[in-house]
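S.K.: no sequence for this one, just the structure:
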């Protein structure tokens, strides 16, 4: 079974997280915000986008100054977080905690799945899945029933995540067998 921790780890360790964080910092619009509007139609997406951008920029500035003061980095501000994955993961954790404070407890997990879909670059495939499930034409991709959208997120992502869990378990078993032999 797929656990919340596995999904969270998939997001935090994802190779595309730096790219996504740059979108957030730049205040760029991405599919993730469109998904959030479907998950919670009462959420002010423009306000959230601006708030996340300012908040993440402020966090990275503070984190850079702190690391610089204690001697953990001598990089320039622009190179600081683009080189070290540890700093990028810390920024992603901060972003997730900030988002958790902006959405209610029922929308955080669908939001996390939407983020995972964005990181996987599966937006187009997911949109087609929603159209198929809703019986909409391809031209009518944004026509979705908001109540069913979180369920579509779960139903789309769970099979892929289950396959990855099983693949991960298989790799661990093979490595344990190789080391035990």
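M.R.: Sure thing, it's come through. Predicted, not measured: the structure shown is a model, and the values here were computed from it.
S.K.: Every contact and neighbour count from this point should use C-alpha atoms.
M.R.: OK.
S.K.: Helix or strand with the lowest mean pLDDT in this structure?
M.R.: helix 77-83 (a mean of 74; mean pLDDT, DSSP states H and E).
S.K.: Can you name every helix or strand that that one contacts?
M.R.: Using 3 or more C-alpha pairs under 8 Å, 6 or more residues apart in numbering; DSSP states H and E, the elements in contact with helix 77-83 are helix 45-69, helix 85-102.
S.K.: Quick check: chain neighbours aside, which residue is closest to residue 74?
M.R.: Excluding the flanking residues, the one nearest residue 74 by C-alpha to C-alpha, 6 or more residues apart in numbering is residue 68, at 6.3 Å.
S.K.: hang on, that neighbour packs against residue 76?
M.R.: No - counting by C-alpha atoms under 8 Å, residue 68 sits too far from residue 76 to count as a contact (9.3 Å).
S.K.: What does the pLDDT read for the residue nearest to the spatial centre of the chain?
M.R.: Among the residues of the chain, the one closest to the centroid is residue 115, at 3.0 Å (C-alpha atoms, centre = their mean). pLDDT, residue 115: 94.
S.K.: now the lengthiest helix in the chain: how far from the chain's centre is it?
M.R.: Determined from DSSP state H, the single longest helix within the chain is helix 149-180. Relative to its chain's centre, helix 149-180 lies at 18 Å (C-alpha atoms, centre = their mean, to the nearest Å).
S.K.: Return the residues in contact with the residue nearest to the centre of the chain.
M.R.: Counting by C-alpha atoms under 8 Å, 6 or more residues apart in numbering, residue 115 touches 11, 32.
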